[in-house]
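K.L.:
make a model of this:
(one chain, ligands or ions: 3)
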Amino acid sequence: MNNLSQTAPAENAGRSKLAALNEWVAQVAALTQPDAIHWCDGSDAENATLVAQMEADGTLIRLNEQTHPRSWLHRSHPDDVARVEHLTFVCTTAQDDAGPNNHWMSPADGHAKMDELFAGCMKGRTMYVVPYCMGPIDSPLSRCGVEITDSPYVVANMRIMTRMGAPALARIEREGTFVRGLHSIGELDPNRRFIMHFPEELTIKSYGSGYGGNALLGKKCHALRIASHQAKSEGWLAEHMLILGLENPQGETHYVAAAFPSACGKTNLAMLIPPEGYRKDGWKVWTIGDDICWMRPGADGRLYAINPEAGFFGVAPGTSINSNPNALKTVSHDTIFTNVAMTADNQPWWEGLGEGKPVIDWRGNDYDSSNGPAAHPNSRFTVSASQCPSYSPRAEDAQGVPISAIVFGGRRASLVPLVFEARDWTHGVLVGAAMGSETTAAATGAVGVMRRDPMAMKPFCGYNFGDYFGHWLSFDREGVKLPKIFHVNWFRKGDDGKFLWPGFGDNLRVLEWMIKRVKGEAGAQETPIGNLPTTDDINVEGLSLSEEAKAKLFGFDRTGWRAEFDSIGEFLREYGPRMPQALHDEQQRIAQSLAE
Ligand SMILES: Nc1nc2c(ncn2[C@@H]2O[C@H](COP(=O)(O)OP(=O)(O)OP(=O)(O)O)[C@@H](O)[C@H]2O)c(=O)[nH]1
Ligand SMILES: O=C([O-])CC(=O)C(=O)O
Ligand SMILES: [Mn+2]
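P.N.:
Numbers count the residues shown, from 1 in each chain. Ligands and ions are numbered 1, 2, ... in the order given. Sure, this is the predicted structure:
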């Protein structure tokens, strides 16, 4: 690695359109006082140098080269293993623009707080300048950013997760605009940790964490919080959604976007392998994205979607050859694992892998089951999407793919059936707005607590939820051909506390019903909460569902839903006049028919 003392490489000097970037980098360097500055070009040689350096200083541990070529284990600080929602802020001029769904600080206070933390924080470190593009490099739907960071681990992850380096810098030079993200791991002290967003200035400042969603600023900070704010004013949507293509035996492919909260099944659905009978008939699922979706109406009025990411930052625990063989194949080489355990021969290991046995736990200690799980429940893999066997050729399509169905879903042990269809767009927006889910290990705090997580965007919407739902409703207009909206719940439990639905590959059965509904080829039973399939409408052949399972997965509990709709009404009222009246009206209409 070169020890550049100048703030920008010599070749930037003649590039006048990079002046704003050069100037910002110089300002940041003056504030943070790094020993050296390195502009990342994204090359293999640069990555090899960084990786060698991280191996030498212990940031990366080499895994078994025979079983997992060019793959690494990173152990984070044990207090830095998940997103920190209580330390994540949206700094808008007016507090109401951030809404009750965000922690707020004034932009002036936010900058003051962060600049104090950043002052001198890179002394003795190298500052990396990371230009990146979210989305295919040639797509009009893509957007660029630059992350400045003092973490080589972040650089290596950003290289996998985004189109990073020289091509992104060239696009920034052409466009002149980019999102500014400043990041330092600081002291990794949870008391000196903040993730701060300034959507009006297209700026992010993140301090004190090296963990994915807090530190890989292209991901949640840019592609969701800043982008959702931009999307509102520019007429598009930035969503916490997977995108998949479902190919049927006739060879038609329908594209589906689905929003499930963190650690609630997006990666798994996006990489689904159909059950054997379906596979024989010619069904196939193509993966476009597993976490984020940007979409907007195209010339023909349909919604077109791209995946702004280039890699997967996926949950390791639970990933096995049975549950998600595509993911397991994807991570078989050139992967960075974070906070997983290791076997005696240095293979990565996690709970639910189904083979091998842990010897060293995620903290680096000898494994002892009395210390809890061997892998951290939020341990992750970072891997290029191009390694996924089901990666769709359309994933690189600059125009995106047309969406036939939007799916919302949560982790609900009780009440919520396997699947239902919204009657129309307004009802669908209410279904998304009313989403509830039990919390997971993806964020610090209690796990298993039911909370409202509208459209899986509670931690990620960069502005007031009232305005956000209004923006969603605004797509219901002449000229827009809207997809159908559905709701699913893979996580319904029986009286014995076990999941009633087999899930994973068998979720194809639910996707099949949805696409048949889109084409007018499948039946449903109308209820106040939406249209539910009966076991005649959806293919449950070959599954051994108990009577309890059938009743709970395909039934509708009127009394339970009455209480749920009271709670939804309360939630909507928390947003005062910013909540669109149309959602109040829809909630009341349904509450009334539930009362009949
Ligand atoms: N029972 C059951 N569990 C599932 C299913 N799909 C996923 N899971 C489990 O849910 C956990 C998280 O799933 P992911 O697919 O990684 O979640 P995600 O939505 O991509 O999460 P983020 O990356 O945090 O946004 C894993 O432990 C999975 O094994 C399913 O259909 N049924
Ligand atoms: O960004 C992260 O940290 C991982 C993720 O997808 C989520 O938490 O939803
Ligand atoms: Mn996510």
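
K.L.:
quickly run through the sheet partners of the helix or strand hosting residue 183, with directions.
P.N.:
Taking DSSP states H and E as the criterion, residue 183 maps to strand 179-184. Sheet pairing of strand 179-184 (DSSP bridges) gives strand 143-149 (parallel), strand 203-207 (parallel).

K.L.:
what average pLDDT does the very next helix or strand once past that strand get?
P.N.:
Sequence order places strand 194-198 as the next helix or strand after strand 179-184, per DSSP H and E. Mean per-residue pLDDT for strand 194-198: 98.

K.L.:
and strand 194-198, what other elements does it pack with?
P.N.:
strand 88-90, helix 107-118, strand 203-207 (3 or more CB pairs under 8 Å, 6 or more residues apart in numbering; DSSP states H and E). (C-beta placed from N, C-alpha, C; glycine too.)

K.L.:
any chance of CSV for those, columns mean pLDDT, distance to ligand 3 and mean neighbour count?
P.N.:
Putting the helices and strands packed on strand 194-198 into CSV (pLDDT from 0 to 100; distance: least, CB to the ion, whole Å; neighbours: other CB atoms under 10 Å) gives the following:
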stretch, mean pLDDT, distance to ligand 3, mean neighbour count
strand 88-90, 98, 14, 24
helix 107-118, 98, 24, 16
strand 203-207, 98, 17, 25
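
K.L.:
what about the residue lying closest to residue 404 once chain neighbours are set aside, neighbour count?
P.N.:
Leaving aside its sequence neighbours, residue 404 sits nearest to residue 254 (CB to CB, 6 or more residues apart in numbering; 4.2 Å). Neighbourhood size, residue 254 [other CB atoms under 10 Å]: 20.

K.L.:
quick one: mean pLDDT for the helix or strand hosting residue 254?
P.N.:
For residue 254, the host element (DSSP H and E) is strand 253-259. Strand 253-259 carries an average pLDDT of 98.

K.L.:
and it, how far out from the chain middle?
P.N.:
Relative to the mean C-alpha coordinate of its chain, strand 253-259 is positioned 15 Å out (CA atoms, centre = their mean, to the nearest Å).

K.L.:
for it, name the packing helices and strands.
P.N.:
Against strand 253-259 (3+ CB pairs under 8 Å, 6+ apart) you get strand 242-247, helix 266-270, strand 401-409, helix 508-518.

K.L.:
what helices or strands is the longest one leaning on?
P.N.:
The helices and strands touching helix 508-518, judged by 3+ CB pairs under 8 Å, 6+ apart, are strand 242-247, strand 253-259, strand 401-409, strand 419-421, strand 484-488.

K.L.:
how about residues contacting the third one?
P.N.:
In this structure, residues lying in contact with strand 401-409 by CB atoms under 8 Å, 6 or more residues apart in numbering are 241, 243, 245, 254-260, 264-265, 288, 295, 298, 300, 302-306, 392, 394, 428, 431-432, 435, 455-456, 483-490, 514-515, 518.

K.L.:
return a ChimeraX selection command for the buried portion of the residues you listed.
P.N.:
A single ChimeraX command selects the buried members of those (16 or more other CB atoms under 10 Å):
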select :241,243,245,254,255,256,257,258,259,260,264,265,288,295,298,302,303,304,305,306,392,394,428,431,432,435,455,456,483,484,485,486,487,488,489,490,514,515,518
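
K.L.:
and the chain, which residues reach ligand 1?
P.N.:
Contact residues (CB under 6 Å from any ligand atom) of the chain with ligand 1: 260, 262-268, 290-291, 314-315, 317-318, 323, 442, 490-491, 499, 503-504, 507.

K.L.:
among those, name the ones in helices.
P.N.:
Those of the residues of the chain next to ligand 1 mapping onto helices are 266-268, per DSSP state H.

K.L.:
who wins on neighbours among those?
P.N.:
residue 266 (28 neighbours).

K.L.:
which one is that one nearest to, not counting chain neighbours?
P.N.:
residue 242 (4.1 Å).

K.L.:
what pLDDT does the one you found get?
P.N.:
Residue 242 is given a pLDDT of 98.
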